[in-house]
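> Next input, structure requested:
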Amino acid sequence: MRNNLIFTGIEEDNSQGNKSQVVTESKLREHLSEKLKIPKETVEGLRFERVHRTPSQPVRGKVRSVVAKFVFFKDRELVRRQWPELKGTSFNVFEQFPPEVQEKRRRLIPKMKEAKREGKRAWLAYDTLFIDGHPVQQ
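Numbering: from 1, shown residues only. Okay, the predicted model is just below:
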């Protein structure tokens, strides 16, 4: 999961069932250049090991997330750092974590938000909360 990013809101034509990986990858590349403002030449050079929709059957009116596994970590980071371009849109991009890490992050987010309201610098790194540069013990 280290090289995976999850993209939400990318349109899906689910009237005829699951689309092939090639179709999903081309939609993702289009999304990267249009919405994340990554130059087309750069997007064409990105290498994916696999691109697919989240597992389940397509449902009318719902858009499944796209999971992209990058071949190179530096490509993933290039794309991930473009997330501010999505501010104010219905799209999102985030890292994929194992379920136990997701649960731990879910518990830490309220503490992080509270610290930010108090004017402190706070951020999550994997499954650790940092406030003013120091890790917080749970």
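> List the buried residues for the helix or strand that S26 is a member of?
Secondary-structure element containing S26, defined by DSSP states H and E: helix 21-34. The neighbour-count criterion (16 or more other CB atoms under 10 Å) identifies T24, E25, K27, L28, R29, H31, L32 as the buried residues of helix 21-34. Any C-beta I mention is one placed from the backbone N, CA and C, and that applies to glycine too.
> cool, and stretch 81-100?
Along stretch 81-100, the positions that meet the burial threshold by neighbour count (16+ other CB under 10 Å) are L86, F91, V93, Q96, F97.
> Now tell me what touches stretch 28-36 from outside.
Residues lying outside stretch 28-36 but in contact with it, judged by CB atoms under 8 Å, 6 or more residues apart in numbering, are 7, 10, 38-40, 43-44, 46, 48, 51, 66, 68, 79, 82-83, 85-86, 89, 91, 93.
> ugh, wrong one, stretch 78-92
Counting by CB under 8 Å, 6+ apart, the neighbours of stretch 78-92 from elsewhere in the structure are 5, 7-10, 31-32, 35-38, 42, 46, 70, 93-95.
> Can you list which of those residues are found in strands?
Judged by DSSP state E, the subset of those located in strands is L5, F7, T8, F70, V93, F94, E95.
> Now the second one: closest residue in space that isn't a chain neighbour?
The one in question is F7. The shortest distance from F7 to any residue other than its chain neighbours is 4.4 Å, reached at V66 (CB to CB, 6 or more residues apart in numbering).
> Can you tell me how far that neighbour is from E100?
To E100, V66 is 23 Å away according to CB to CB, to the nearest Å.
> Quick one: the helices in this structure, in order.
Secondary structure of the chain (DSSP state H): helices at 21-34, 40-45, 73-80, 99-117.
> Looking at those helices, which is nearest to G61?
Checking those against G61 by CB to CB gives helix 21-34 as the closest, at 17.9 Å.
> Show me how far the closest one is from its chain's centre.
The chain centroid and the centroid of helix 21-34 are separated by 14 Å under CA atoms, centre = their mean, to the nearest Å.
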